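Chemist: Okay, here's the prediction I keep looking at, along with the sequence it came from:
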Amino acid sequence: RTDMPPVPAFTVEDLFETYRKRLSLRWLAGKPGAGRNLIPEDGDRSAIVGHLNFIHPHRLQVLGASELAYLEGLGKNSFQDALEQLFSAEPGAVLLAENQQPPPQLAERAEQSGTPLLGSPLDGARLIDHINYYLSDLLADKRTVHGVFMDVMGIGVLLTGASAVGKSELALELITRGHRLVADDAPEFTRVAPERLRGNCPAPLHDFIEVRGLGILNVRAMFGDSAIKPSKNLDLIVNLLPATSEQFIDTDRLSGSRHSRQLLEVEVPEIHLPVAPGRNLAVLVEAAARNELLLYNGYSAAEDFVDQQRRFIEGERQ
């Protein structure tokens, strides 16, 4: 697809500099190849890192004691053939686990081909788990949405609506009521699980909010560190619309204007909230967040109301 975002680059040098301390990485050979990209061009996560595999080679081939014992147990010619197969696949890097020392032929081929050869004291399985975890966020599906993302009573609430509808003013009022800002204007959402989105703030926008008439405000400087939340899972979208909008003509009086919006193939509950003079939107958003918590715990006020009316009618008939 031509509209897919480009696959991010993550070089061996990036891996080494970012996780050198956590994984106790050290260079063994092939340092000129530090710029090799570990991410396959098609973004296939299953092909990034794994134990030594000649049939479906990983970009980062991990060799532990058992893999090295297997290679060194081969005959001389078979060992050379195995090395030829390993390096002809042009891996991004080869990583030796368990503080294993590379056989001279392996280090020599790595140096000749400019293939990074790294070492770590961790066992192979732990290295693979750690690296997969570190790269999962880098490769996760992302999308930027216009709106203000807030933490309201522990619920991740995205305020959306047309420009100048009052999103930032509402967010500012919620902040003064003790709730926390995640991102103003352009929160970035990442799909971190099949049914879970996490939102955070792009680095250039950290701590700031724009309010018409006041300009740019630094929320952290004005309200303190507790007014800022670095990231939050998205639980609810509140779409602010003019009260005259046709979308409210046939609103269900029991369940309100509750819908769902698909974002990165995840269904997110959405409420259409009418904006009109005299309406206290901050209180309404708080109530929506509280109600979302009740729904999450299995309680529906609309269903309870209908059930209560049914019991009343049945009692009157008896």
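Modeler: Structure's in. What do you need? As the structure is a computational prediction, the values presented were derived from the model and not from experiment.

Chemist: buried sites along the helix or strand of the chain with the lowest mean pLDDT?
Modeler: In the chain, no helix or strand scores lower on mean pLDDT, DSSP states H and E than helix 124-139, which sits at a mean of 83. In terms of neighbour count (16 or more other Cβ atoms under 10 Å), helix 124-139 has its buried residues at 124, 127-128, 130-131, 134-135, 139. C-beta here means a position set from N, CA and C on the backbone, and glycine is covered the same way.

Chemist: Just the CA atoms of it, as PDB, please.
Modeler: Extracted in PDB, the C-alpha atoms of helix 124-139 (Å, rounded to 0.1, in the frame of the first residue of the first chain):
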ATOM      1  CA  GLY A 124      19.800 -16.200  24.000                       C
ATOM      2  CA  ALA A 125      16.200 -16.500  25.000                       C
ATOM      3  CA  ARG A 126      16.400 -13.400  27.300                       C
ATOM      4  CA  LEU A 127      18.200 -11.400  24.600                       C
ATOM      5  CA  ILE A 128      15.500 -12.200  22.000                       C
ATOM      6  CA  ASP A 129      12.700 -11.300  24.500                       C
ATOM      7  CA  HIS A 130      14.400  -8.000  25.500                       C
ATOM      8  CA  ILE A 131      15.200  -6.900  21.900                       C
ATOM      9  CA  ASN A 132      11.700  -7.800  20.700                       C
ATOM     10  CA  TYR A 133      10.200  -5.800  23.600                       C
ATOM     11  CA  TYR A 134      12.400  -2.800  22.900                       C
ATOM     12  CA  LEU A 135      11.500  -2.800  19.200                       C
ATOM     13  CA  SER A 136       7.800  -3.400  19.600                       C
ATOM     14  CA  ASP A 137       7.000   0.300  20.300                       C
ATOM     15  CA  LEU A 138       9.300   1.400  17.400                       C
ATOM     16  CA  LEU A 139       7.400  -0.800  14.900                       C
END
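
Chemist: what's the next secondary structure element after that helix?
Modeler: Next in sequence after helix 124-139, counting helices and strands by DSSP states H and E, comes strand 142-144.

Chemist: What's the end-to-end length of stretch 294-307?
Modeler: One end of stretch 294-307 sits 17 Å from the other (Cα to Cα, to the nearest Å).

Chemist: mean confidence score for the lengthiest strand in the chain?
Modeler: As assigned by DSSP state E, the longest strand anywhere in the chain is strand 266-275. Strand 266-275 shows an average pLDDT of 92 in the prediction.

Chemist: contacts for whichever helix or strand comes after it?
Modeler: Past strand 266-275, further along toward the C-terminus, the next helix or strand under DSSP H and E is helix 281-296. Helix 281-296 is contacted by residues 152-155, 157, 159, 166, 170, 173-174, 177, 179, 235-236, 238, 240, 269, 271, 273, 275, 300-301 when judged by Cβ atoms under 8 Å, 6 or more residues apart in numbering.

Chemist: what about the strands in the stretch 1-150 of the chain?
Modeler: With strands called from DSSP state E, counting those that start in this stretch, the stretch 1-150 of the chain shows them at 26-29, 49-51, 60-63, 93-96, 117-119, 142-144, 147-152.

Chemist: got the contact list for the fifth one?
Modeler: Around strand 117-119, the neighbours that count as contacts under Cβ under 8 Å, 6+ apart are 12, 16, 25-30, 93-96, 99-100, 102, 106-107, 110-111.

Chemist: quick one on the thing from earlier: what would the strands of the stretch 1-150 of the chain look like in JSON lines with distance to L217?
Modeler: As requested, those are exported to JSON lines (distance: least, Cβ to Cβ, whole Å):
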{"stretch": "strand 26-29", "distance to L217": "47"}
{"stretch": "strand 49-51", "distance to L217": "44"}
{"stretch": "strand 60-63", "distance to L217": "45"}
{"stretch": "strand 93-96", "distance to L217": "46"}
{"stretch": "strand 117-119", "distance to L217": "46"}
{"stretch": "strand 142-144", "distance to L217": "21"}
{"stretch": "strand 147-152", "distance to L217": "13"}
